[in-house]
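# coordinates only, sequence not included:
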C-alpha cells in the first residue's frame, strides 16, 4: 500500500515540476523576444539643445515620455534656452517692460549676456523699455548683433562659470549682478537726484508721484504729468529698477554734474559696488549705463 501510495503521488510531483519549468521557459522566451524587439527598434537621439537634459551623446534621462504626436513630455528648458533667448526672440534693439514681464526668460538671457559678452543694458523709463548695447561703443544691439558678438567676443571662461553655476544652483536670483564684488550688496532706496547732488528717495512704483511733488514744491511752475519728463529735461537723474532685477539703473538726459557723480560714487560704494562707483569718477561721468532718457 505504501508503494502504491507513493506511486500515486510521483506523477503529481513531476507534473507540477514540469509546469514550473514550462512557465520559466515562457518567461525566459518572452524576455529574449523583448530584448530582440528593443534591439531592432530605432534609437531616438534628442537634438533639442535647449532642453535641460540634452547632452552631445544624447538625452541624459534613462527614459522619457512621448505624447501621442511624438513630442517629448519630459522636456524642461535648460541653460542654452535662457542664454540664447534674446538672440532667438528679440525683434528690435530694445525690449519693452510688458515684454519682459510676460516673458521672464529675457531677464535671465540679459543677465548671462552681460556676464559673457561685452554688453550692458540701460533702462529708458520714459519710453518704458530696456536697451542692450555694446559696452565699448554704446551702440544699441539687435539679435543679429548679439549673434556676431557670440562668434567673435564670447568669454568662454565666464560662460563655463555660468554653466557650472546653473547646474549647481539653477537660475540666478533677482539680486545677482554682473560683478563678483557685488555679491554682498546693501540695498539702498531708489529716488530722484537733483543737479546739485541732493537725493530725494521714492519707493519703487512711485517715481511719477514723487516727481509731481518735486515739481510742485521745488519748481513751482504749472507742470503737467508726466512730471518726470520735466525733471529729466532739467538735468535730474532717476535711480530706479523698473524690472526688479537688482540693477540700480540711472536714467538721465543731460550729462551728470560733478555733485551728482560724487553722490552716485558714494551711493554705489556704500553698497559694495566698487567697480560701478569708480566709473562715476571718470571725466564723462556716465557710470555703468550710458546717459539716455528723452528723445534728442
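That came through fine. Please read these numbers as outputs of a predicted model, since none were measured by experiment.

# Look at residue 203 and say how many residues are nearby.
Residue neighbour count, defined by other C-beta atoms under 10 Å, stands at 11 for residue 203. Where C-beta positions appear, they are placed from N, C-alpha and C, glycine not excepted.

# again with residue 102
For residue 102, the tally of surrounding residues (other C-beta under 10 Å) stands at 9.

# so is residue 255 in a helix, a strand, or just coil?
Each residue gets one of three states, and residue 255 gets coil by DSSP: H, G, I helix; E, B strand; the rest coil.

# What separation is there between it and residue 241?
As for residue 255, its distance to residue 241 is 22 Å (criterion: C-beta to C-beta, to the nearest Å).

# quick one, which of these two is more surrounded?
More neighbours surround residue 241 than the other of residue 255 and residue 241, with 15 against 12 (other C-beta under 10 Å).

# Was I right to think the more buried one contacts residue 191?
No. With the criterion set as C-beta atoms under 8 Å, residue 241 and residue 191 do not qualify as a contacting pair; they are 11.5 Å apart.

# and for these two, which residues touch both?
Residues touching both residue 241 and residue 191 (C-beta atoms under 8 Å, 6 or more residues apart in numbering): there are none.

# Kindly state the domain boundaries assigned to this protein.
As assigned by the TED database, the chain contains the domains 79-169, 191-279.

# Now render the ones you listed as JSON lines, adding distance to residue 63 and mean pLDDT.
Rendered in JSON lines, the data for the domains of the chain read as follows (distance: least, C-beta to C-beta, whole Å; pLDDT from 0 to 100):
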{"stretch": "domain 79-169", "distance to residue 63": "21", "mean pLDDT": "84"}
{"stretch": "domain 191-279", "distance to residue 63": "38", "mean pLDDT": "85"}
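
# Now the ones you listed in JSON lines, please, with extra columns for distance to residue 65.
Below are those laid out as JSON lines (distance: least, C-beta to C-beta, whole Å):
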{"stretch": "domain 79-169", "distance to residue 65": "19"}
{"stretch": "domain 191-279", "distance to residue 65": "35"}
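
# Around residue 234, how many other residues sit close by?
With neighbours defined by other C-beta under 10 Å, the count for residue 234 comes to 14.

# Would you map the helices across the chain?
Under the criterion DSSP state H, the chain carries helices at the ranges 2-40, 79-83, 85-89, 97-102, 105-116, 143-152, 156-169, 207-214, 227-233, 258-270, 274-279.

# Touching, residue 122 and residue 249? I think so.
Yes. At 6.4 Å, residue 122 and residue 249 qualify as touching, with contact defined as C-beta under 8 Å.

# That'll do, ta.
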